[in-house]
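Trainee: Okay, predicted coordinates and the sequence, questions at the end:
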Amino acid sequence: MSIVLVGLNHRTAPVEIREQLAFSREGVSTALMFFRKQFPGCEAAILSTCNRVEVLVAAEGDRPNAADIVSFLAEARDLPAASFKQYLYQFSDEQACRHFFRVVSGLDSMVLGECQIVNQIKQAYTLACEQGTTGRVLNRLFHHAFEVGKRARAGTAIAEGRLSVPSVAVDVARSIFSDFTDKQTLVVGAGEVARLVCQHLAAGAQTRRFVVMSRTLSNARSLAEACHAAAAPFEQFERQLIDADIVLMTMGCTQHVLTLQRMREIQKQRQNRLIYIVDLAVPRNVDPEIARLEGVYLYDIDDLGRIVTKNQNHRAAALEQCERILDEEVTAFIQWLNDVRLNPIIAQMYRDAKSVRDDELDRLLRKCPGLTDSQKQAIAQGVDRLVGKFMHPCVHSLRHSPTPAMLALAGALHAANGRREDRDSSPGNEYVQ
């Protein structure tokens, strides 16, 4: 039994190549049906995200190999293999296992340690199960991988701290206000940065409500509707500042929208109530002197960038710990995989030993016809213990130090047994075990 992984990701292929190979959910199901017909009896799963497309296969013998999987991808996506082959990587057995564990742990992601990949891999596994293309090996590999990912994230700091400026802006607000649920948030601007901020607010910030404001009201309304927020015209800027607890500025302009004097007057009306202002714009929307005012917490994009860098360094420091975890887990899985591969030859060794044991014990008992049943039983038990003691070091050595030749022999024996079972279980044959 061998494992082969072929794929590409954001490091090896540009987006125009990744999007050509990307599969929809329905596309994955169709491709797996096609794979099952092309390679019956083999296990397969397809992982397709915005950053990677990977095909994972477990099979007996030499087929399908990496070249077969490339051809399968080309047919499934109706593309010439030459158009994407140069961007592919391929791994087998231990390397495939390690790569897959790295992916599920977030170590191979664009954002180190991100957790979204776990759900994407679970979806890929579910689709493969639904199509009947998983089996003993991939079932074990996926479940083991999920445990590895859980251990890596729980046992290290690989997933701690946000790595995007908009998400850090929301996290800092949470740290300033002990109760985030009753705070009113104002997002000024409706561009890409504002959209990311609103997504983080809507996804998990637990704000009571937030308001989107832009110079163009239609843009503000469009963003607000997408995030279940309210929209306000830019003419209400000062009034919204008076009510807001959190303000995120993202406008594109060449001069300060919020000056020191303007904010000083607003704070008087607010009675110096605590306000958190994040200036995500370049050039800055907010006069940095505002930070001197009582009750004002002001962060600009460099402040947040320093937090992002700190979080990145924190995660990078955990990478070595994660690699040690992977070393242990890959070793454990490959040990299990080798056991699966060696089981046929070990079973054959025990059958051979039992056959010799039966012949020799029968010969001995025929020479000693006067033995009682209890004596015969004692002799048989003694012979069994001797066989067990002779077999144990052989099996132990085979399991813990398998040679390539032994693994190849085990694979050939397993394949031969499979062909025999297919013949014996075909219509018109009686097979008695």
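Mentor: Great, that's in hand. Note that the structure is predicted; figures quoted are calculated from it, not measured. Residues are numbered from 1 along each chain as shown.

Trainee: And the strands in the stretch 251-400 of the chain, which stretches?
Mentor: Taking DSSP state E, counting those that start in this stretch, the strands of the stretch 251-400 of the chain run over residues 275-279, 296-300.

Trainee: Counting neighbours, which bits of the first one end up buried?
Mentor: Applying a neighbour-count criterion of 16 or more other C-beta atoms under 10 Å, one finds I275, Y276, I277, V278, D279 buried in strand 275-279. Bear in mind the C-beta positions are built from the backbone N, C-alpha and C, glycine included.

Trainee: repeat for stretch 131-146
Mentor: Buried, per 16+ other C-beta under 10 Å, within stretch 131-146: Q131, T133, T134, G135, V137, L138, R140, L141, F142, H144, A145.

Trainee: Ok, stretch 164-182 next?
Mentor: Quick answer for stretch 164-182 (16+ other C-beta under 10 Å): V165, P166, S167, V168, A169, V170, D171, V172, A173, R174, F180.

Trainee: Equivalent analysis for stretch 320-328, please.
Mentor: For stretch 320-328, by 16+ other C-beta under 10 Å, it's C322, I325, L326.

Trainee: Just the pLDDT for the second one.
Mentor: The reference is to I325. Looking at I325, its pLDDT is 96.

Trainee: Verify the contact between it and A152 for me.
Mentor: Yes - in this structure I325 lies within contact range of A152 using C-beta atoms under 8 Å: 5.4 Å.

Trainee: host element of the closest residue to R25 other than its chain neighbours?
Mentor: Among residues not flanking R25 along the chain, L127 sits closest, at 6.8 Å (C-beta to C-beta, 6 or more residues apart in numbering). Assigned by DSSP states H and E, L127 belongs to helix 116-130.

Trainee: got a list of contacts for that helix?
Mentor: Applying C-beta atoms under 8 Å, 6 or more residues apart in numbering, the contact partners of helix 116-130 are 25, 28-29, 32, 44-49, 103-104, 106, 109, 134, 138, 142, 145-146, 149.

Trainee: Buried members of those residues into ChimeraX, please.
Mentor: A single ChimeraX command selects the buried members of those (16+ other C-beta under 10 Å):
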select :28,29,32,44,45,46,47,48,49,103,104,106,109,134,138,142,145,149
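
Trainee: Just the ones in helices from the contacts of helix 116-130, please.
Mentor: R25, V28, S29, L32, V103, V104, L138, F142, A145, F146, G149 (DSSP state H).

Trainee: ok, the residues you listed vs V188, which is closest?
Mentor: Each of the ones in helices among the contacts of helix 116-130 was scored against V188 by C-beta to C-beta, and R25 proved nearest at 37.6 Å.

Trainee: just to revisit the earlier point, for A353, state which of the ones in helices among the contacts of helix 116-130 is nearest.
Mentor: L138 (32.9 Å).

Trainee: excluding its backbone neighbours, what's nearest the closest one?
Mentor: E43 (4.5 Å).

Trainee: Just grab the bridge partners of that neighbour for me.
Mentor: A58 (DSSP bridges).

Trainee: Surely it touches F142?
Mentor: No - counting by C-beta under 8 Å, E43 sits too far from F142 to count as a contact (10.4 Å).

Trainee: Pull up the overlap in contacts between the two.
Mentor: T134.

Trainee: May I have the phi/psi pair for P233?
Mentor: phi -70, psi 150 (degrees, to the nearest 10).

Trainee: Could you give the number of residues near it?
Mentor: By other C-beta atoms under 10 Å, 14 other residues sit near P233.

Trainee: quick one, what contacts the closest residue to it other than its chain neighbours?
Mentor: Excluding the flanking residues, the one nearest P233 by C-beta to C-beta, 6+ apart is L217, at 5.1 Å. Going by C-beta under 8 Å, 6+ apart, L217 touches A231, P233, F234.

Trainee: Now with 10 Å, please.
Mentor: By C-beta atoms under 10 Å, 6 or more residues apart in numbering, the contact list for L217 reads A190, A224, A231, A232, P233, F234, E235.

Trainee: what's the most distant pair in those?
Mentor: It's A224 and E235 that sit farthest apart of the contacts of L217, by C-beta to C-beta, at 16.3 Å.

Trainee: Who has more neighbours out of the two?
Mentor: Ranked by neighbour count (other C-beta under 10 Å), A224 and E235 place A224 first, with 22 against 10.

Trainee: From V247, how far off is the residue nearest to the spatial centre of the chain?
Mentor: The structure's the chain has its C-alpha centroid closest to V104; by C-alpha atoms, centre = their mean the separation is 2.5 Å. Separation of V104 from V247 (C-beta to C-beta, to the nearest Å) stands at 39 Å.

Trainee: same question, L326
Mentor: From L326 over to V247 (counting by C-beta to C-beta), the distance is 43 Å.

Trainee: Does T156 touch A316 like I think?
Mentor: No - in this structure, T156 is not within contact of A316 by C-beta atoms under 10 Å, at 11.1 Å.

Trainee: Spell out, range by range, the helices that occur in the stretch 51-200 of the chain.
Mentor: 66-77, 93-104, 116-130, 136-155, 165-176, 192-204 (DSSP state H, counting those that start in this stretch).

Trainee: which residue packs closest to I301, ignoring adjacent ones?
Mentor: L280 is the one closest to I301 (C-beta to C-beta, 6+ apart), at 5.5 Å.

Trainee: cool, T49 as well?
Mentor: Per C-beta to C-beta, 6+ apart, closest to T49 is Q120, 5.1 Å.

Trainee: okay, the residue located most distally from the centre of the chain: pLDDT?
Mentor: Distance from the C-alpha centroid of the chain peaks at G370, with 68.7 Å (C-alpha atoms, centre = their mean). Per-residue confidence (pLDDT) for G370: 87.
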